[in-house]
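# Mind folding the following:
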Amino acid sequence: MADEWFISEMVVKSRATIKPGMTEVSLLEEGPASDKLPITKRDEASMMRAITGEPAFAQLLMRKLLMPDEGVRYALEVARPIIYKPDMVPGDVDLVCAHEQNPAQAVGVEAKQVRAITSNGEEDELKRTGKILGGIRQANGLRELGFHRSYYLVLVATDGRMKTENNVFARGVRGRTVTAIQEVIFSESGKRALHPDVGVVVVELVQPAPRAFDELSNVIATVVRMARPVEQPTQLTNRVADALGIKR
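This is a model prediction of the structure:
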């Protein structure tokens, strides 16, 4: 595959407690260590909630999915009414979103998680890449359902706590990781290949310090391939409206 350039966008979140008498606050303080689960121990559903539950992260993802700034409704892990038969693929839709005035242009997202470890002087290590191949069939299922735009979202959970030589903004995986994920996805051919209408977005969730991910975190989003819009069936539009509580 020819060399390509990807444009990534980062959002940094930091939360600090201001107590009476304090004269200064360090938003990038790395400690104290948290006893909460590190980001690499969370499952896909938890990671999706971490993104959509934080307005700045949710807006970042919606921008990459070409959704409007306002009026967007979304839901996670949607089965019925969109998935109406037990043998349908996928078994649920990880993220469904649409503008409240235009459910006929809905976006369906299939998400899969991989993990990355970064440290000083070591090659960044990407794990569980086999899961990426496993999600291609499910992402293609979104296209078969007829979503106006279908996306395959690869979530990279990165533990950057050991990469202390870099500042907290640069403790994620190196840039070639997006290329590596792209190579895995597009290595399949024939019936196992990702449908050409399905877009690909990579979102890296970085825990850069011993503090909990919810207190200090970086989220980096990269569009690998834009989705091709298709005309959405009326039946699916009605089901999307029902799932998102959009009145028609």
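# how about the longest helix that the chain contains: buried residues?
Assignment by DSSP state H gives helix 130-145 as the longest helix of the chain. The neighbour-count check on helix 130-145 (16 or more other CB atoms under 10 Å) flags 131-132, 135-136, 138-143, 145 as buried. Every C-beta, even on glycine, is put in place using the N, C-alpha and C of the backbone.
# Give the pairing partners of the next helix or strand after it; include direction for each.
On the C-terminal side of helix 130-145, the nearest following helix or strand under DSSP states H and E is strand 149-162. Using DSSP bridges, strand 149-162 pairs in its sheet with strand 102-119 (parallel), strand 199-207 (parallel).
# And the first one, what's buried?
In this case it means strand 102-119. Buried-residue list, strand 102-119, by 16+ other CB under 10 Å: 103-119.
# List the residues that contact the residue nearest to E77 when sequence neighbours are not counted.
With CB to CB, 6 or more residues apart in numbering as the criterion, E77 has its nearest non-adjacent residue at 5.2 Å, and that residue is D92. Taking CB atoms under 8 Å, 6 or more residues apart in numbering, we find D92 in contact with 77-79, 83.
# Now D92. Its backbone dihedrals?
phi -150, psi 170 (degrees, to the nearest 10).
# What is the longest helix of the chain packed up against?
strand 102-119, strand 149-162, helix 176-185 (3 or more CB pairs under 8 Å, 6 or more residues apart in numbering; DSSP states H and E).
# Look up how far R115 lies from the residue nearest to E77.
22 Å (CB to CB, to the nearest Å).
# coming back round to it: contacts for the longest helix of the chain, please.
82, 88-90, 93, 108-114, 150-152, 154, 181, 184-185, 187-188, 192-195, 197-198, 230, 236.
# got the angle between it and strand 199-207?
If you take axes from the mean of the first three to the mean of the last three CA atoms, to 10 degrees, helix 130-145 sits at 140 degrees to strand 199-207.
# so how far is helix 130-145 from its chain's centroid?
Distance of helix 130-145 from the chain centroid (CA atoms, centre = their mean, to the nearest Å) equals 15 Å.
# Please save the CA atoms from that helix in PDB.
Below are the C-alpha coordinates for helix 130-145, written out as PDB (Å, rounded to 0.1, in the frame of the first residue of the first chain):
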ATOM      1  CA  GLY A 130      -6.700 -10.300  15.600                       C
ATOM      2  CA  LYS A 131      -9.900  -8.700  17.000                       C
ATOM      3  CA  ILE A 132      -9.700  -6.200  14.200                       C
ATOM      4  CA  LEU A 133     -10.200  -8.900  11.600                       C
ATOM      5  CA  GLY A 134     -13.100 -10.300  13.600                       C
ATOM      6  CA  GLY A 135     -15.000  -7.000  13.400                       C
ATOM      7  CA  ILE A 136     -14.900  -6.700   9.600                       C
ATOM      8  CA  ARG A 137     -17.900  -9.000   9.100                       C
ATOM      9  CA  GLN A 138     -19.900  -7.000  11.700                       C
ATOM     10  CA  ALA A 139     -19.000  -3.700  10.100                       C
ATOM     11  CA  ASN A 140     -20.100  -5.000   6.700                       C
ATOM     12  CA  GLY A 141     -23.400  -6.000   8.300                       C
ATOM     13  CA  LEU A 142     -24.100  -2.300   9.000                       C
ATOM     14  CA  ARG A 143     -23.700  -1.600   5.300                       C
ATOM     15  CA  GLU A 144     -26.100  -4.500   4.500                       C
ATOM     16  CA  LEU A 145     -28.600  -3.000   6.900                       C
END
